[in-house]
Each structure stands twice: as structure tokens, then as C-alpha cells.
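K.L.:
Quick check, what structure comes out for this input:
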Amino acid sequence: MSVMHKRRSTLPKDEARRRYVELAELQVLERIRDDARDLDRGALAVGPFARLDANALAAKVGKTRGALSNLFGNQAALQAATMAMALDAAELLEASPRPEPEGYEHAEEWLDALFLGESARGPLHRGRPAVDYGSLWALWLAAVPYGLWGERIAGPSLDEFRDSVGTLSSLFARALDHFGLELAADVTLTDLATAAVNLVEGAWLNQCLTTEHPCDAAEPVSEALRRSGRLLWRGATASAGAARS
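P.N.:
Prediction:
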């Protein structure tokens, strides 16, 4: 009786490694999709929240695991509650108001203050862990992939985005009036505010990785956002009457 042997791969070793890694990447994505579906069906912590250790947390504050169990019932409930609070940073946003345009004589002085303030509000490479908006925003990044397939992550994230756009729309409207400017043709306040929020959050991604301008080590990372903010404003606004001429 003959013995059947599995046919050995004829791929070169490097190609075989790449193929297995590609399959592993697909498996990771499928796992995130499945976790997102589970998350939509009930309270479930994902990403770094799922690694939160109730015993270690209790020990850090000099309590026993029982103290946390009395409050949350079990570790999974603590993890889910922590994730829910971290994804809702509305109070932290309100605690750091943006500069008022009425306090500035020139538009670009106000813009500099606005975008430098946005840089300071965001995450900082190698900064100490802290419960502030920048740190929680960076923590939120770990949950973002689950939003591809689930609503429990996508919903609150989009709500915060819309709130930011609404706040900036109102602020920009006041700034236009104060500095005697109008929006350029075919530009709306929502367009400008949406572009600004996207610009800020894109800059924050770089701030997670460096304290220097990503393309000019002689400048701080905040300079990238400040100068980009000026370009955005200049392209979207014009002197009163010029936009219609």
C-alpha cells in the first residue's frame, strides 16, 4: 500500500514567507470584522481595552478585586465601560475652548492661535500617558478599525466629528464677520470646517510619531499644522465683495 505524502511547496523561501504573512494579515482583518459584529450585539471591549487587567488596576489604587467587582460586576464590564468613556471625550473638548476671533486684530494672528492650539490639544510623541484629550484620541485610534464593520465604534466617532464641524462652522462665521471677509465662491462654512477638522486630525497622526515637522527637522511638528491652516484659510476666503467679483 502506498503512502501519500503532502506535496512540498516549490515557492522560494522569501515568497513563501510573504504568502503566509499575507494570509495572516487577512486572518487579523477577519478577526476584527468578527469582533466588530460581536461588539454591535452587546458591550464588548476591543483592542487595548480588552487587555485591561482589573486585578492590576485594583492593586494600583490599593484596593482588592472585590471592590471593582462591586462596582462593575466583572472585568469585562469594567473594560467595556472604560472603552465607552474613552470614546466619548466631549467634556475634555469643552474644557479647552478655542481662541475667540474677536480678541485679535488680524485674521492670521487668530488663525495661528487656533491651529497652534489644535496642535497642543492633540497627541504628543513620547508624551507621558494622561487622561487628556490628546491621549484618549490616540487610544481611540486603536478602536477605529472596528468601525469598518461595526456601528458601535463608528457612531460615536462620527458624532464627535460632526460636533467639531458644527463648532468650527460657528467660529469661522464669527471670524469672517470680525475680519471683514467672505467665503470664496462655491465654498460653504461646512466645507471649510470639514476641511479644518480633517487637517487637524491628519496632523495629529504625525504628532503620534514625531515632535518635529515630518519634512523639516528644524521646525516643531506644530508648524506643519499652523502653516497648513493658513493655506486652507487663504484658499477658502476673500475680502468682502471680492468673492462675488
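K.L.:
which strand in the chain runs the most residues?
P.N.:
For the chain, the longest strand by residue count, based on DSSP state E, is strand 216-220.
K.L.:
Check what contacts it and list those residues.
P.N.:
Thr211, Glu212, His213, Glu223 (CB atoms under 8 Å, 6 or more residues apart in numbering). Glycine gets a C-beta too; all of them are placed from N, C-alpha and C.
K.L.:
With stretch 145-153 instead?
P.N.:
Against stretch 145-153 from outside (CB under 8 Å, 6+ apart): 32-33, 35-37, 39-40, 46-47, 87, 143-144, 154, 157.
K.L.:
Now the two most distant members of the contacts of strand 216-220.
P.N.:
Greatest spatial distance in these: Thr211 and Glu223, 11.2 Å, computed using CB to CB.
K.L.:
out of these two, which sits in the busier spot?
P.N.:
Glu223 (16 against 13; other CB atoms under 10 Å).
K.L.:
For the more buried one, pull up the helix or strand it's in.
P.N.:
Assigned by DSSP states H and E, Glu223 falls within helix 221-236.
K.L.:
going on from that helix, what's the next piece of helix or strand?
P.N.:
strand 237-239.
K.L.:
give me every residue that touches Thr82.
P.N.:
Neighbour list for Thr82: Ala45, Phe49, Leu52 [criterion: CB under 8 Å, 6+ apart].
K.L.:
I meant Cys215, not that one.
P.N.:
Ala224.
K.L.:
switch to numbering from 55
P.N.:
Okay, residue one is now 55; in that scheme the one you just asked about reads as Cys269.
K.L.:
Quick check: pLDDT value at it.
P.N.:
On pLDDT, Cys269 comes in at 96.
K.L.:
Equivalent analysis for Gly127, please.
P.N.:
pLDDT at Gly127 comes out at 94.
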